[in-house]
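Enquirer: from the sequence below, what's the structure:
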Amino acid sequence: MPLPMRPTRRVLLLTEETGVGGVQTTLSLLTSALAARGWQVARLSVRQGRPSLWACWRAARQAQVLLASNNFWPAYWAVALGWLSARPSVVWVHGPLSEVLQQAGAPPGKTRWLQTVYRLASQVVCASQTSEASFRRVMGPVCDGRDGRDAPDGLGWGQAMCVIRNPAVMPGTVSVSDSSVTSGSPGNAAHDTACQPIPQGVAPQDVIPLGFVGRLSPEKQPLQLIAMLQQLPARYQLHVVGDGELMGEMQSAGQALIAQGRLHLHGQQTVSVQTYRAWRATVLCSLYEGYPMTALESLACGVPCVSTPIPAMQEMLGPHAPGWLAQDASAQALADAVQAALAQAPEALQTALQATVAAHGFNHFSQAWDQLLSRFAPCERGPGADPHHADHNAKEPEVKP
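Expert: Down below sits the predicted model:
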């Protein structure tokens, strides 16, 4: 006798992202993860093509749960469509909201608007504990009780918030096995950089290539990388993959280093495993991050990531690779951390890589999202169901401490 088929579960992913970037990468990973677990994932851009309200409502009605790809425009649409279509809405928070609003100089009215929107969402999912803490600072004091009786506004975020950390995966894949986490060999790095100019007075075999992947924007502080490179010996090179508003300043500030063959501004490129394995370490010096996929991809490729000690990177590297965190945010401290990381014994470096990647498994990411969304779509909902509360008898997703 054939086994009964499991009812189809449908989620509508509301997006606005275009091009490349960490959020796009995580959206692709989540789509693949849910599809592998039997979900039908429909995707609707709320910016491109300007879909009509009628088209959005119809798409929402065909789904069982609405998922906003980030906590701005997609979140506004998810909450509004959730109420119009009687569907639960889930908002995915990537970056540290408090810092993002402060950097943008957002007026108090914007914060109050966001507080209203997020309190109407059925669930908020943060990409890291860092993002969750920042989100709570914006939302103000709330309780962690399930019924919300202790909260001044009657809302308890204990049942409406959770953390599902981004996974460590190689670019272009959806999973990574422990056996594939190996540090890039110096031979490969030397081969991949052989076509690049060699710094004056440095033998080709002595070159130490470093890398950066990301937008050249103020919050990424890419000019700090040039200051760092100036503190390092001449055998160090820096490869910058990415574009943005600060490209002109990078070209101007790094003119001498470019002429010396030490700084390479590659512009926007498709990032692959070979991209990361062409250098000895990936370097980040952001003003803030949510939980950067650049760092996680680098680690999955077997390449250490050295960073200034911002909260997100302390959360990621602190448990198993604290030595890859600079002592402070200065260029000199970052240069010192790079040299210390690369001076590690190969066995210690490998152990730190494997432990950090293992703590960010794709299977956990996939299972946690599946369990969370299943609480909102255990079966087809009847007209009398409350779309804004989960089935709390269902198993909650496991959240890493």
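Enquirer: so how far is S52 from T282?
Expert: Noted for T282: a distance of 43 Å to S52, by CB to CB, to the nearest Å. The way it works is simple: take the backbone N, C-alpha and C, and place the C-beta from them, glycine included.
Enquirer: quick one: which of the two has more around it?
Expert: Neighbours were counted for T282 and for S52 using other CB atoms under 10 Å; T282 has more, 26 against 9.
Enquirer: who's in contact with that one?
Expert: Applying CB atoms under 8 Å, 6 or more residues apart in numbering, we find T282 in contact with L210, G211, F212, V213, Y276, T294, A295, S298, V303, P304, C305, V306.
Enquirer: same check on L29?
Expert: By CB under 8 Å, 6+ apart, the contact list for L29 reads N166, P167, V169, V174, F362, F365.
Enquirer: number of nearby residues for the closest residue to A253 other than its chain neighbours?
Expert: Sequence neighbours aside, I226 is the residue nearest to A253 in space, at 5.2 Å (criterion: CB to CB, 6 or more residues apart in numbering). Close neighbours of I226, defined as other CB under 10 Å, add up to 22.
Enquirer: I226 contacts L257, correct?
Expert: Yes - using CB atoms under 8 Å, I226 is in contact with L257, at 6.6 Å.
Enquirer: intersection of neighbour lists for these two?
Expert: Jointly contacting I226 and L257 under the rule CB under 8 Å, 6+ apart are L238, L263.
Enquirer: all helices for the stretch 201-350 of the chain, in order.
Expert: Taking DSSP state H, counting those that start in this stretch, the helices of the stretch 201-350 of the chain run over residues 223-231, 247-253, 255-259, 273-277, 293-300, 311-317, 331-342, 346-358.
Enquirer: winner for burial among those?
Expert: Ranked by mean neighbour count under mean count of other CB atoms under 10 Å, the helices of the stretch 201-350 of the chain are led by helix 293-300, which reaches a mean of 28.
Enquirer: compute the inter-axis angle for it and helix 346-358.
Expert: If you take axes from the mean of the first three to the mean of the last three CA atoms, to 10 degrees, helix 293-300 sits at 130 degrees to helix 346-358.
Enquirer: just how off-centre is helix 293-300 within its chain?
Expert: On the basis of CA atoms, centre = their mean, to the nearest Å, helix 293-300 is displaced by 10 Å from the centre of the chain it belongs to.
Enquirer: what does stretch 210-227 give?
Expert: For stretch 210-227, the distance to the chain centre is 17 Å (CA atoms, centre = their mean).
Enquirer: partners of V283 in the sheet?
Expert: V306 (DSSP bridges).
Enquirer: residue contacts, it?
Expert: L210, G211, F212, L225, M228, L238, C305, V306, S307, L334, V338.
Enquirer: can you do 6 Å?
Expert: L210, F212, V306 (CB atoms under 6 Å, 6 or more residues apart in numbering).
Enquirer: A63 too?
Expert: Residues in contact with A63 (CB under 6 Å, 6+ apart) are R10, V11, L12.
Enquirer: surely it forms part of a helix?
Expert: No - applying DSSP: H, G, I helix; E, B strand; the rest coil, one finds A63 to be coil, outside a helix.
Enquirer: V23: which of the helices of the stretch 201-350 of the chain is closest?
Expert: Among the helices of the stretch 201-350 of the chain, the nearest to V23 by CB to CB is helix 293-300 (8.4 Å).
Enquirer: for that closest one, packing partners?
Expert: Contacts defined by 3 or more CB pairs under 6 Å, 6 or more residues apart in numbering; DSSP states H and E place helix 293-300 against strand 305-307, helix 346-358.
Enquirer: so how far is the shortest one off the chain centroid?
Expert: Between the mean C-alpha location of strand 305-307 and the chain-wide mean there is a distance of 15 Å, by CA atoms, centre = their mean.
Enquirer: also the last one?
Expert: Between the mean C-alpha point of helix 346-358 and the mean C-alpha point of its chain there is a distance of 21 Å (CA atoms, centre = their mean).
Enquirer: what packs against that helix?
Expert: Using 3+ CB pairs under 6 Å, 6+ apart, helix 346-358 is in contact with helix 293-300.
Enquirer: now the helix it packs on: average pLDDT?
Expert: Averaging pLDDT along helix 293-300 yields 97.
Enquirer: now A68: how far from G95?
Expert: 14 Å.
Enquirer: let me see the domain layout of this protein.
Expert: When the chain is parsed with automatic domain parsing, its domains come out as 9-167+361-376, 178-358.
Enquirer: so where's the protein shaky on pLDDT?
Expert: By pLDDT under 70, the low-scoring segments of the chain are 1-7, 19, 142-159, 174-205, 378-401.
Enquirer: tell me which of the contacts of L29 is nearest to F72?
Expert: Using CB to CB, the contacts of L29 come closest to F72 at N166, 18.4 Å.
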